[in-house]
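Enquirer: Pasted the sequence and its predicted model underneath.
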Amino acid sequence: GGDDDDDDATPSTSASTSGAASDPDPAAAVSTAAARTVLGVEMRPEVAAIVLVYFVQGILGLSRLAKDYFLKDDLHLSPAEASLVLSVSAAPWLVKPVWGFISDSVPLFGYRRKSYLVLCGALGAVAGFGLSAYVTDVPGAVIAFTAGSLSTAFADVVIDSVVVAAARGESQATSGSLQSLCWGSVALGGIASAYFSGALIEERGTRFVFGVTALFPLLIAAAATLVNEKRIVDPSDRGDAPPSPSPSSSSHPGIVDEIKILGGKLWDVGKDRRVWAPTAFVFLWQGAPHPGAGV
């Protein structure tokens, strides 16, 4: 009789133990959720890509000081000539809306974001490696500097679009936290570049710094794989899609039509006084001589 009682007690004890083990721990769940968030933003793969690209933009400041010394010490340019070279190479930043038009209107290999991030990363790496090993004259420096600026400016436009898409549908607090995370990533990269750039130039020289800087754009290309974007499939590429009888009867707008539509939207925004007035102020402010030029 005693053995029967023991047998009856065993399953109930086992079930009790099993139930206790299967109950989730609320504290552990909260801890895990907190570990996956930064500044209130869930660190999903796409957010990691955003953080990485913005960090690269900040740390590319490593080459800023190297450019000044390269133009002055290696190419022996006067301050006026060096300023002209740097001004020309900054041109891609002045036409950022153009890169937005291209990214939105001309999918590359079926993607509007991923493909351009890969292309920008490759271009920036080529420009950096060229400066580190091959550039010995002013035309080469202008081409390499401009290519590097184009890489960074285009990537900035593309990743801004990714941020807008990621913030769409989120709460205002989450959107603000995402923006703070972006600026924090840029600032972190900028602090790192400011700390190391002078020492690296002094110890290893400008070409070494250009070589190191060339590695970071490759991270932009790698970040493209984390962006959540579906491939655009052209209806004409589908075997089951009937051929369009004529271009005019197709409901899918062409590249020229898309550019016209986007251009019209940009004009509607730009002619608003709330937009063009502060834009004019910033233009005049940026066009004024900067005291840093005399340092």
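Expert: Structure received.

Enquirer: so residue 123 touches residue 218, yeah?
Expert: No: assessed by Cβ atoms under 8 Å, residue 123 is found out of contact with residue 218, at 11.0 Å. Bear in mind the C-beta positions are built from the backbone N, C-alpha and C, glycine included.

Enquirer: between these two, who's got more neighbours?
Expert: Higher neighbour count among residue 123 and residue 218: residue 123, with 20 against 16, using other Cβ atoms under 10 Å.

Enquirer: Give the buried residues for the one helix or strand that one maps to.
Expert: Following DSSP states H and E, one finds residue 123 within helix 114-133. For helix 114-133, the neighbour count (16 or more other Cβ atoms under 10 Å) marks 114-121, 123-132 as buried.

Enquirer: Now do the strands in the chain.
Expert: In the chain, the segments counted as strands under DSSP state E are 37-38, 41-42.

Enquirer: Out of the ones you listed, which one sits most buried?
Expert: Among the strands of the chain, strand 41-42 has the highest mean neighbour count (mean count of other Cβ atoms under 10 Å), at a mean of 18.

Enquirer: Report the strands that pair with it, each with its relative direction.
Expert: Partners of strand 41-42 in the sheet, by DSSP bridges, are strand 37-38 (antiparallel).

Enquirer: Please enumerate the helices of the stretch 101-250 of the chain.
Expert: 114-133, 138-167, 172-204, 206-213, 217-223 (DSSP state H, counting those that start in this stretch).

Enquirer: can I get the CA coordinates of the fourth one in CSV?
Expert: These are the backbone C-alpha positions of helix 206-213, laid out as CSV (Å, rounded to 0.1, in the frame of the first residue of the first chain):
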residue,chain,number,x,y,z
THR,A,206,48.7,61.1,-44.9
ARG,A,207,48.7,58.1,-47.3
PHE,A,208,48.4,55.6,-44.5
VAL,A,209,45.4,57.6,-43.2
PHE,A,210,43.8,57.5,-46.6
GLY,A,211,44.4,53.7,-46.7
VAL,A,212,42.7,53.2,-43.3
THR,A,213,39.8,55.5,-44.3
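
Enquirer: For the strands of the chain, give me a markdown table that also has distance to residue 288 and mean pLDDT.
Expert: Below are the strands of the chain laid out as a markdown table (distance: least, Cβ to Cβ, whole Å; pLDDT from 0 to 100):
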| stretch | distance to residue 288 | mean pLDDT |
| --- | --- | --- |
| strand 37-38 | 38 | 70 |
| strand 41-42 | 37 | 72 |
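
Enquirer: I'd like to know which of those strands is closest to residue 70.
Expert: Smallest distance to residue 70 across the strands of the chain (Cβ to Cβ): 36.3 Å, for strand 37-38.
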